[in-house]
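Novice: return a 3D structure for these sequence lines:
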Amino acid sequence: MFQKKSHRITIIAMTLFIFSLALPLHAADSKVGYINLQRLVQESKMGKAAMARLKN
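Specialist: Numbering: from 1, shown residues only. Modelled structure (predicted):
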């Protein structure tokens, strides 16, 4: 019984180690961005039209 539990722990540890190596490779391709909603509403045609409708 002890041997089976030891194998499970080893397999779990190896799996976590492999995934931890893959995480930086995946994260290197991601980009973070944001949208300035105030500028979008003030400068876009649709935003200006929406603001005009809200003011009326």
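Novice: so what's the gap between stretch 42-54 and the chain middle?
Specialist: Distance of stretch 42-54 from the chain centroid (CA atoms, centre = their mean, to the nearest Å) equals 30 Å.
Novice: ramachandran coordinates for Ser44?
Specialist: phi -90, psi 150 (degrees, to the nearest 10).
Novice: next one: it from Ile35, what distance?
Specialist: 11 Å (CB to CB, to the nearest Å). Every residue, glycine included, has its C-beta placed from N, CA and C.
Novice: looking at those two, which is more packed in?
Specialist: The residue with more neighbours, out of Ser44 and Ile35, is Ser44; 11 against 7, by other CB atoms under 10 Å.
Novice: do you know how far the more buried one is from Gly33?
Specialist: Counting by CB to CB - Ser44 and Gly33 are separated by 17 Å.
Novice: ranges for the helices of this protein?
Specialist: 2-27, 37-43, 45-55 (DSSP state H).
Novice: take those helices and lay them out in TSV including mean neighbour count.
Specialist: Shown next, in TSV, are the helices of the chain (neighbours: other CB atoms under 10 Å):
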stretch	mean neighbour count
helix 2-27	9
helix 37-43	11
helix 45-55	10
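Novice: those into TSV, with extra columns for mean pLDDT?
Specialist: Compiled in TSV, those are given as follows (pLDDT from 0 to 100):
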stretch	mean pLDDT
helix 2-27	76
helix 37-43	88
helix 45-55	89
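Novice: what sits against the residue lying closest to Met51 once chain neighbours are set aside?
Specialist: Nearest residue to Met51 in three dimensions, chain neighbours excluded: Val41, at 6.2 Å (CB to CB, 6 or more residues apart in numbering). For Val41, the contact set (CB atoms under 8 Å, 6 or more residues apart in numbering) comprises Gly47, Lys48, Ala50, Met51.
Novice: for Ser6, see how far away the last one is.
Specialist: By that I understand Met51. Taken as CB to CB, the span from Met51 to Ser6 is 66 Å.
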